[in-house]
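*Asks:* from the sequence below, what's the structure:
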Amino acid sequence: MKILHLISGGDNGGAKTHVITLLKELSKHADITLVCLLEENFAKEAREQGINVVVLKQNKRYKLDIVNRLVEMLKKDKYDILHCHGARANFLAMFIKKKYSIPTVSTIHSDYKSDFDNNLYKKIVYTTLNYFSLKRMDYFIAITNQFKKMLVDRGFKDNKIFVAYNGTRIIEKCYSLSKQEFLDRYNIEYDENKVYVGIVTRLHPVKGIPVFLKAAAKVLKTSSNILFLIAGNGDEKHTEKYKEFVINNDLGDKIRFLGFIKDIDNFYNAIDINTLTSHSESFPYALLEGSLNKKATISSAVGGIPEMIIHEESGLLFEDNNYEQLAEYIIKLAEDKELRNRYSENLHNRIKNNFSDVDMAQSHIEIYNKIRGLN
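*Replies:* Here you go, the predicted model:
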């Protein structure tokens, strides 16, 4: 079975983690090629994981000469399926299908209506183009059952949509730095009596950073032994807005922006509570990876997250936008180490037993075989 995966190659965060994790495991069972349209860190990291990577540079989205090169590649090497990831790949697939008959499938990593919320022009133009592209796709892989329902509710055919959850590589020890070593790197005071609350996310409107900041401000009115750490970056406009909130509320020594962190497992090892405040999510790696490091988790109950975390058994879930409920849960876990340990252990075991990279790859192989049987 020969599968060509197509992605822009400029992606970071969950989509990049998903594709690299998936293809590393899939390559043990099928002939896999990853085509990136940009020569950036994505391609470099994929090669380092032993994935067969081809870069076909497309400098501008509207440069469609890339279509002929992709068609030639698909024909020459006789690929069985074209698997797309993201709006740019979906758009190209629409033109590829006009020139060459091959089953196409797109993974729905996120709610495509929210992908460009940080830029009005892109939201109007790219979201519209992506919708038209998706409507011409043969099949879809939704990251969660909730995302499948979302597609069906928007008019996509139920029998064309498969579900395959994100999975992560199960490693018993992920980090390389001790808690103190990591905090020292960022000039953060290490205190064994403090509780460190963290979030790993893009600084993007859909990620609900104001919810995290407002909850932190409320917590810090009554709790002085808690420190909040934010790992991730974003566009300058929104980043400055979030930092202004911290400054205006005189919380500069209690809420720290650490920027992008490559060795993210060291961040997870350094925190005591892992949080996520997104307004929309699929099956986020920020929670999967945090669970490997056995961190108690609090998250907004959106997307497929309730399919991952069982409330009050393997973590705590709060209503979207409800920063007061988030603050209440942070204080609850900060004051109860035994409860933190119980939740973290339960979530770790749940992920290990149900959402590994092996499980994810096996689900994809089954889906590919079904697609081949339908064509």
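
*Asks:* where along the stretch 201-350 of the chain do the strands fall?
*Replies:* 226-231, 255-259, 273-276, 296-300, 316-318 (DSSP state E, counting those that start in this stretch).

*Asks:* could those strands be laid out in CSV, adding mean pLDDT?
*Replies:* Listed next are the strands of the stretch 201-350 of the chain as CSV, based on pLDDT from 0 to 100:
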stretch, mean pLDDT
strand 226-231, 97
strand 255-259, 96
strand 273-276, 98
strand 296-300, 98
strand 316-318, 98
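
*Asks:* which one of those strands lies nearest to Arg69?
*Replies:* strand 255-259 (36.3 Å; Cβ to Cβ). Using the backbone N, CA and C atoms, a C-beta is placed for each residue, glycine as well.

*Asks:* from the chain's centroid, how far away is the closest one?
*Replies:* 20 Å (Cα atoms, centre = their mean, to the nearest Å).

*Asks:* show me what it packs onto, helices and strands only.
*Replies:* Packing partners of strand 255-259 (3 or more Cβ pairs under 8 Å, 6 or more residues apart in numbering; DSSP states H and E): strand 226-231, helix 236-248.

*Asks:* same thing but at 6 Å, please
*Replies:* Applying 3 or more Cβ pairs under 6 Å, 6 or more residues apart in numbering; DSSP states H and E, one finds that strand 255-259 contacts strand 226-231.

*Asks:* now the strand it packs on against strand 255-259, angle please.
*Replies:* 20 degrees (axes from the mean of the first three to the mean of the last three Cα atoms, to 10 degrees).

*Asks:* contacts for strand 226-231?
*Replies:* 194-200, 216, 219, 255-258, 261, 267, 334 (Cβ atoms under 6 Å, 6 or more residues apart in numbering).

*Asks:* got it, and stretch 128-142?
*Replies:* Residues contacting stretch 128-142 (Cβ under 6 Å, 6+ apart): 87, 90-91, 94, 103-108, 112, 148, 160-164, 371.

*Asks:* list the buried residues in that stretch.
*Replies:* 129-130, 133-134, 137-142 (16 or more other Cβ atoms under 10 Å).

*Asks:* any chance of those residues in TSV, plus pLDDT?
*Replies:* As requested, the buried residues of stretch 128-142 are exported to TSV (pLDDT from 0 to 100):
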residue	pLDDT
Leu129	85
Asn130	81
Ser133	92
Leu134	92
Met137	95
Asp138	96
Tyr139	97
Phe140	97
Ile141	97
Ala142	94
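
*Asks:* inside helices: which ones of those?
*Replies:* 129-130, 133-134 (DSSP state H).

*Asks:* dump stretch 15-32 to CSV, keeping only the CA atoms.
*Replies:* C-alpha atoms of stretch 15-32 as CSV (Å, rounded to 0.1, in the frame of the first residue of the first chain):
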residue,chain,number,x,y,z
ALA,A,15,-0.9,19.0,13.3
LYS,A,16,2.8,18.7,13.1
THR,A,17,3.0,16.3,16.1
HIS,A,18,0.1,14.2,14.7
VAL,A,19,1.6,13.8,11.2
ILE,A,20,5.2,13.0,12.3
THR,A,21,4.0,10.6,15.1
LEU,A,22,1.6,8.9,12.7
LEU,A,23,3.9,8.6,9.7
LYS,A,24,6.8,7.3,11.8
GLU,A,25,4.6,4.4,13.0
LEU,A,26,2.8,3.9,9.6
SER,A,27,6.1,3.6,7.8
LYS,A,28,6.5,0.2,9.5
HIS,A,29,3.4,-1.1,7.7
ALA,A,30,3.1,0.8,4.4
ASP,A,31,5.0,2.7,1.8
ILE,A,32,4.7,6.3,3.0
